[in-house]
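K.L.:
Task: produce atomic coordinates for the following.
(2 chains)
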Amino acid sequence: MRDKLLYLLAAVAAVLLTWNIYKIFMVLPAEANVAAYKIVYFHVPAAITAFCGFFVALGASALFLATGNLKYDAFAAGVTEVALAFATVNLVTGSIWGRFAWGIWWTWDARLTSMLTCWLMYAGYMMLRRAIEEPTQRARLSAVLSIFGCVNVAFVYKSIEWYRTQHPSPVLSIRNGGGMGPGMEAPIYWNWLALACLATVLIMIRMRQEQVSREIDSLRREAHAF
Amino acid sequence: MDNREFQFVMLGFMAAWIIVVVYVVTIVMRERKLRRELDRVRRMVEAPGKRAER
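P.N.:
Just a heads-up that it's a prediction; the model follows:
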């Protein structure tokens, strides 16, 4: 059942991504001098996927702290790792867009800097997990870091409203931005759906790996008991 | 879309896909490593049992 769901989600993600790429390149207008805006169709959905992942990890971490069940910790770790991959996509595509639009790869503006800080914090989360061997202590410290990290995520989200620096202010109509013109905003949401399906598949695979890891640990304990 | 713009759009899309593909490859490699480790530990657990049976 789980495998069927995994294959189904992977197929949905593949179909949606293919359709979106066709639409972004072939249907959407290539406006003169600003056609590189098409990078935004991956830059923004990657950010939304990452942020959703960090918030789901926050929930799982809080559940671990409340219950002490290590399954929640494993879930939080899997979700954070996948979300970090999408945050990397967001930072790199943003940098490429910045090089085209502003002529620079990077600037220490509020949005970029806060997003980089957020990325570093979650990269630190992954490193922390590798550094601590004792599962309960590792889970507790990781959960606390995940909760602190989410405060940063909220700051990154609001930074383009609070600070008028280099990064454009909100464009999407759901954030009271000016919108992107008829039919140009929808592909962002479709691409987010595709990336969300892909992220769910990756999280499910990571969950299975965590399960195998736990099985290995219990077999090792059994082997030492002989 | 002029040539320079096209290059940037392609660079952006390629970068996004390369990151995703690299991550998927690391997950697949980790999966294989875990399966190998699981087989090894299973054999390790079964071995003393078989010795005891003899």
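K.L.:
any weak-confidence spans in chain B?
P.N.:
B:1, B:48-54 (pLDDT under 70).
K.L.:
Could I get the full set of helices for it?
P.N.:
Secondary structure of chain B (DSSP state H): helices at B:3-53.
K.L.:
near chain A, which residues of it show up?
P.N.:
Near chain A, the residues belonging to chain B are B:1-2, B:4-6, B:8-9, B:11-13, B:15-16, B:19-20, B:23-24, B:27, B:30-31, B:34-35, B:37-38, B:41-42, B:44-45, B:48-49 when assessed by Cβ under 8 Å from any Cβ of the partner chain. Placement of C-beta: from N, CA and C, glycine included.
K.L.:
how near is A:Ser114 to A:Gly149?
P.N.:
12 Å (Cβ to Cβ, to the nearest Å).
K.L.:
should've said A:Thr80
P.N.:
Counting by Cβ to Cβ, the gap from A:Thr80 to A:Gly149 is 8 Å.
K.L.:
Neighbour count for the two, which is higher?
P.N.:
Neighbour count, other Cβ atoms under 10 Å in any protein chain shown: between A:Thr80 and A:Gly149, A:Thr80 has more, with 30 against 21.
K.L.:
before we move on, which element is the residue nearest the centre of chain A in?
P.N.:
Nearest to the mean C-alpha position of chain A, counting by Cα atoms, centre = their mean, stands A:Ala50 at 1.7 Å. Per DSSP states H and E, A:Ala50 falls inside helix A:40-67.
K.L.:
is that helix up against chain B anywhere?
P.N.:
Yes - on the criterion Cβ under 8 Å from any Cβ, helix A:40-67 is in touch with chain B at A:Phe42, A:His43, A:Ala46.
K.L.:
residues contacting the second one?
P.N.:
Meaning A:His43. By Cβ atoms under 8 Å, 6 or more residues apart in numbering or on different chains, the contact set of A:His43 is A:Val89, A:Asn90, A:Thr93, A:Gly94, A:Trp97, B:Gly12.
K.L.:
Taking those residues, tell me the two that lie furthest apart.
P.N.:
Using Cβ to Cβ, the two most remote members of these are A:Val89 and A:Trp97, lying 12.2 Å apart.
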